[in-house]
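Asks: curious how this folds, go ahead:
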Amino acid sequence: MTRYWMEIEYDGGCFSGWQWQKDEETVQGLIESGIYELWKEEVRVTGAGRTDAGVHAWGQVAHVDIEREVSPRGLMMGLNYAMRGKGCVIKALGEARDDFHARFDARVRGYCYRILNRVAPPSVTRGYVWHYPWSLDLGAMQEVGLLLESCEDFSAFRASGCQALSAKKTLDMCRIEREGEEIKLTFVARSFLYRQVRIMVGTLVEVGRRGGRDVSWVKNLVEGGTRKDAGPTVPPWGLALTHVGYGERDTRDMSFSIDKRD
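Replies: Residues are numbered from 1 along each chain as shown. Prediction:
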């Protein structure tokens with residue numbers, strides 16, 4: 001049996017999230033079905049994170065154990081053929097050591113939320129940005145971003161149904177910048193709570209909008225607020241999982257990728 005790692009890109013609008021669901025199209029279910037279609041093996045694909053319905057990924061990482069001997073290139077090309085037209089591709093794939101775990105070995109996860117901040121709605125980027133037609137105070141939002149980076153308890157920023165035992169987290173980066181008509185919000189941490197990023201974005205927009213909440217409101221949130229005190233949960237289609245990093249725990253064989261031959 002061989003353990004393989006894979007880097008995955010997918011359009012969240014095509015799926016009911018990452019995790020397998022009966023009678024629903026999910027990313028995990030699609031990849032597992034592809035492997036069964038090609039090699040008649042029932043497998044379980046383990047991802048680094050469980051993205052919600054509608055959330056995209058540019059750099060999701062997963063691992064899978066396969067009994068049949070398959071070359072990394074054959075596995076990647078075969079899966080991409082089986083999943084053609086489904087909104088999901090394997091960007092890179094290789095062998096991993098037996099102890100590599102896509103979820104538990106991850107040391108950092110990055111997310112990006114895109115806000116189209118103009119009067120006209122999106123056309124080309126529809127489904128990949130959240131359209132917010134009113135003005136936003138970027139400076140106030142950046143000030144709140146620094147507060148979030150200093151937060152130690154994110155109880156106010158996790159949705160009901162969160163299964164994490166503790167809301168104590170560390171947010172390594174909350175970067176907010178304008179690029180043309182878009183405002184991009186980048187979040188980096190070892191792990192995130194259920195819908196934490198989308199609630200933080202909703203809170204940031206509440207401060208940035210004209211006539212919105214004061215920065216002191218967020219200070220109270222990070223010092224002991226509850227979910228009902230924070231901002232709304234913004235739509236999923238503006239959010240993407242951008243990358244997963246493993247640091248010293250990266251036991252993947254990086255010698256093969258889509259740009260190389262085995």
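
Asks: which strand residues bridge W130?
Replies: For W130, the beta-bridge partners under DSSP bridges are I115.

Asks: burial count for it?
Replies: When neighbours are counted by other C-beta atoms under 10 Å, W130 registers 20. Quick note: C-beta positions are derived from backbone N, CA and C, even for glycine.

Asks: tell me the pLDDT of it.
Replies: The predicted structure scores W130 at 98 on the pLDDT scale.

Asks: tell me how far it lies from V144.
Replies: According to C-beta to C-beta, to the nearest Å, W130 and V144 sit 17 Å apart.

Asks: which residues does K184 form beta bridges with?
Replies: With beta bridges defined as DSSP bridges, K184 has these partners: R114, E177.

Asks: swap in Y10?
Replies: Residues in a beta bridge with Y10, per DSSP bridges, are A57, C88.

Asks: tell me who's in contact with it.
Replies: Listed by C-beta atoms under 8 Å, 6 or more residues apart in numbering, the contact partners of Y10 are 27, 56-57, 60, 87-89.

Asks: go with 6 Å
Replies: Contact analysis of Y10 by C-beta atoms under 6 Å, 6 or more residues apart in numbering lists 27, 57, 87-88.

Asks: how far away is the residue lying closest to G202 once chain neighbours are set aside from I199?
Replies: Distances taken as C-beta to C-beta, 6 or more residues apart in numbering put G231 closest to G202, at 3.7 Å, once the chain neighbours are dropped. The gap separating G231 from I199 is 7 Å, by C-beta to C-beta.

Asks: one more: V119?
Replies: Here the distance between V119 and I199 works out to 26 Å (C-beta to C-beta).

Asks: same question, V215
Replies: With distances defined as C-beta to C-beta, the gap from V215 to I199 amounts to 17 Å.

Asks: wait, G208 touches A140, no?
Replies: Yes - the pair G208 / A140 is scored as a contact, 5.5 Å apart, by C-beta atoms under 6 Å.

Asks: now stretch 201-212 - C-alpha only, PDB.
Replies: Taking Å, rounded to 0.1, in the frame of the first residue of the first chain, the C-alpha atoms of stretch 201-212 are listed here in PDB:
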ATOM      1  CA  VAL A 201     -15.000  39.500   7.500                       C
ATOM      2  CA  GLY A 202     -18.500  40.300   8.400                       C
ATOM      3  CA  THR A 203     -17.200  42.100  11.500                       C
ATOM      4  CA  LEU A 204     -14.600  44.000   9.600                       C
ATOM      5  CA  VAL A 205     -17.200  45.200   7.100                       C
ATOM      6  CA  GLU A 206     -19.400  46.400   9.900                       C
ATOM      7  CA  VAL A 207     -16.600  48.700  11.000                       C
ATOM      8  CA  GLY A 208     -15.600  49.700   7.500                       C
ATOM      9  CA  ARG A 209     -19.000  50.700   6.200                       C
ATOM     10  CA  ARG A 210     -20.300  54.300   6.300                       C
ATOM     11  CA  GLY A 211     -22.000  54.900   9.700                       C
ATOM     12  CA  GLY A 212     -20.900  51.500  10.900                       C
END
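
Asks: chain center to it: distance?
Replies: Stretch 201-212 has its C-alpha centroid displaced from the chain centroid by 22 Å (C-alpha atoms, centre = their mean, to the nearest Å).

Asks: right, I'll leave it there.
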